[in-house]
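**Q** Sharing a sequence plus its predicted fold:
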Amino acid sequence: MYRYDEFDINFVNARVDQFRDQISRRLNGDLTEEQFKPLRLMNGLYLQLHAYMLRVAIPYGTLSSRQMRQLAFIAERFDKDYGHFTTRQNIQFNWPKLEDMADILTHLADVEMHAIQTSGNCIRNVTADHWAGVAADEVEDPRPYAELLRQWSSVHPEFTFLPRKFKIAVTGAPNDRAAVAFHDIGLKVKENEDGEAGFEVLAGGGMGRTPVVGVTIRDWLRKKDLLAYVEAIMRVYNLHGRRDNKYKARIKILVMDLGADEFRRQVDEEFAKIDAPEVLLPEEEIQRISAYFAPPDCEKLDDNDSTLDGHLKENTAFRLWHDTNIATHKIPGYAIVNISLKPIGGIPGDANSAQMRIVAELAERYNHDEIRVNYEQNLVLPYVRKSDLFQVWQELVDAELATDNLGLVTDIICCPGLDYCALATARSIPIAQEISNHFSDAGKQREIGDLKIKISGCINACGHHHAGHIGILGLEKRGQEYYQITLGGSGDENAAIGAIVGPGFSYAEVVPAVDKIVDTYMDLREEGETFLEAYRRVGAAPFKEALYAAH
Amino acid sequence: MAKKSEAAKVVTANRLGDGLVVFLGQEGVWVEDIGKAEIAHANGDADALLQQGLNAEKANHVVEPYLIDVGDDEAAVTPLHIRERIRTLGPSVRLDLGKQAGEHLF
């Protein structure tokens, strides 16, 4: 894991001191809300529906046990004993007091964490594949590059006041688990014809009110050109992005307006002006940062573990969990453990302080002290020996963290919606809970198979509904909540935007509608065909028929 | 243009120090319980109430005061819009949090 150096420590502490002073000036009336608002947003502090909300960055989703324990401590001491893991690998606290904020940030700084650039029109927390460094399909661990981008973009004077917020995601694998095509810039580590690893660069992707799948503007980029090329993209955007209209200010609009070819030409022109790009990113710096992400000392193990096989034969509940929540590791004898934060009928992404501490404890004892947070609002233990899996599972069961539903219909992504968010137009969490309860049967979930439902409580699409196989968007119509359903979206390497299936539904009609969609799929699917594959084969017509024909 | 019949109104805001939802009560005191809020029944009264709220914002007691429509029957003062009902009570998915006393309104 990356560790702060002296510069990082001093920088973060200085920011805490600065914000402590700003808060006290706000509280004693020297600063008005108008003056204070941009300052608090630069430090991740929002004012939401019920209270302030603090969004803490978890860079590329990697946490140590110590950091997770500190989050638990903050939840317990300064909040209402829980936190919400978001769709951008952040954690949000929903009830902190302004009066406590400087102390909270001090406690975060003590464990090398902060809330800088989790809000505002700057380069936000850089996200990455949550299985980085351990996935069997990976070309290279993308996190060193995410960290390099984080350092380069932190309070970068040229890019602190962009036309709009800016999100970068990095993956090191061909199977995209970081939704790179839905980011302002998406980076994929891949090899060129000579076997040299570099980056495919996508730009102009995004969700929100205008969903766009990003386009590849550079098929392969040398690693040492990474920062210079990203800087060139930022310059083109910073100069030509629509500052006149908030709704057209994201880079996706610029890329669409110019067209991919012209945008690429302008970026290349800007890139050519940057003298000696490797000065920005020397090879030694890549190596220095990469060293932090070297894999821990793993044992040489046989990939087959007889005790594990025994437990799998004897214990059905363990086997069901193992089937859904364990992913293939690149090191023999090890497994990737995915911890679902989607208990049946629960609130997606919420964890209480006791659960955070259990996960920290498990990571310390069984997992080289490392935890990952993914954008689908689940947690990951990336280095568990297969021989320890049964013990880990038992402890997760005790902590109510062993829900066996990863990738299934109840593993729902969901934004906080109108229950917490000041921007929301409808509730999203109770819709997720009702769908989860409706499909609670473990057998039924497996019969349905891979199905991603994603729910947003407003058009800003924090719940990624555009990328849901079934997407649900909560809106308001004549003072009532109503919901639009989209089908066929996907956030993976074959990214697609879901299409609206037809007229919207009232709150009470949503679960029956989802049920009809699922039934329709199960009736028409061919052998082994997933929901998304079936939808792509047959189109929307049978689903429209099921939903609206009887109306 | 015919004037719409006006709903009763109260002023709400978030308290500066802890961010919690408050309502403007009698004599300019901010209260946590909407039942104790000052209710404006006529347009002019609502404007005056909001002005009091804006003055309190200038004095740095609260943040972003605004008027909301409420139903004002004998039993309770209830915001008409779902957003404001959730603000007044707490998250509808965590009945143990916020001001709600355990009764689910939706």
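**A** Yes, it's here. Numbering: from 1, shown residues only, chains lettered A, B, ... in the order given.

**Q** In contact with residue A:71, which residues?
**A** Residues near residue A:71 by C-beta atoms under 8 Å, 6 or more residues apart in numbering or on different chains: A:56, A:63, A:83, A:91, A:356. C-betas here are computed from N, CA, C, even on glycine.

**Q** could you measure it against chain B, distance?
**A** Plainly put, residue A:71 is 19 Å away from chain B if you go by C-beta to the nearest C-beta, to the nearest Å.

**Q** can you check residue A:474 too?
**A** Per C-beta to the nearest C-beta, residue A:474 is found 11 Å from chain B.

**Q** Next one, pLDDT for the nearest residue to that residue once chain neighbours are set aside please.
**A** Nearest residue to residue A:474, sequence neighbours excluded (C-beta to C-beta, 6 or more residues apart in numbering or on different chains): residue A:426, at 2.8 Å. Per-residue pLDDT puts residue A:426 at 98.

**Q** Count residues in the vicinity of residue A:426, would you?
**A** By other C-beta atoms under 10 Å in any protein chain shown, 26 other residues sit near residue A:426.

**Q** The one 4 residues further on now?
**A** In terms of burial, residue A:430 registers 21 neighbours under the definition other C-beta under 10 Å.

**Q** got the contact list for it?
**A** By C-beta under 8 Å, 6+ apart, the contact set of residue A:430 is A:419, B:92, B:93.

**Q** how far does the helix or strand in which it is found sit from the chain's center?
**A** Per DSSP states H and E: residue A:430 is located in helix A:429-438. Its chain's C-alpha centre and that of helix A:429-438 lie 21 Å apart, by C-alpha atoms, centre = their mean, to the nearest Å.

**Q** Tell me the helix or strand right after it.
**A** Going down the chain from helix A:429-438, the next helix or strand is helix A:442-448, by DSSP H and E.

**Q** so what does that following helix touch, helix or strand wise?
**A** With contacts taken as 3 or more C-beta pairs under 8 Å, 6 or more residues apart in numbering or on different chains; DSSP states H and E, helix A:442-448 sits against helix A:316-325, helix A:510-524.

**Q** Please name whichever of the ones you listed is nearest to chain B.
**A** Closest to chain B of the helices and strands packed on helix A:442-448 is helix A:510-524 (C-beta to the nearest C-beta; 14.0 Å).

**Q** contacting residues for the residue lying closest to residue A:29 once chain neighbours are set aside?
**A** Nearest residue to residue A:29, sequence neighbours excluded (C-beta to C-beta, 6+ apart): residue B:60, at 4.2 Å. Residue B:60 is in contact with A:26, A:27, A:28, A:29, A:32, B:16, counting by C-beta under 8 Å, 6+ apart.

**Q** I'd like these laid out as CSV, including pLDDT, secondary structure and neighbour count.
**A** Output for these, formatted as CSV (pLDDT from 0 to 100; DSSP: H, G, I helix; E, B strand; the rest coil; neighbours: other C-beta atoms under 10 Å in any protein chain shown):
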residue, pLDDT, secondary structure, neighbour count
A:26, 97, helix, 23
A:27, 96, helix, 15
A:28, 95, coil, 9
A:29, 94, coil, 12
A:32, 95, coil, 13
B:16, 97, coil, 23
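
**Q** would you turn these into TSV with distance to residue A:373?
**A** Listed next are those as TSV, based on distance: C-beta to C-beta, whole Å:
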residue	distance to residue A:373
A:26	31
A:27	32
A:28	37
A:29	38
A:32	36
B:16	32
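
**Q** Pick the one among those closest to residue A:495.
**A** residue A:26 (42.0 Å; C-beta to C-beta).
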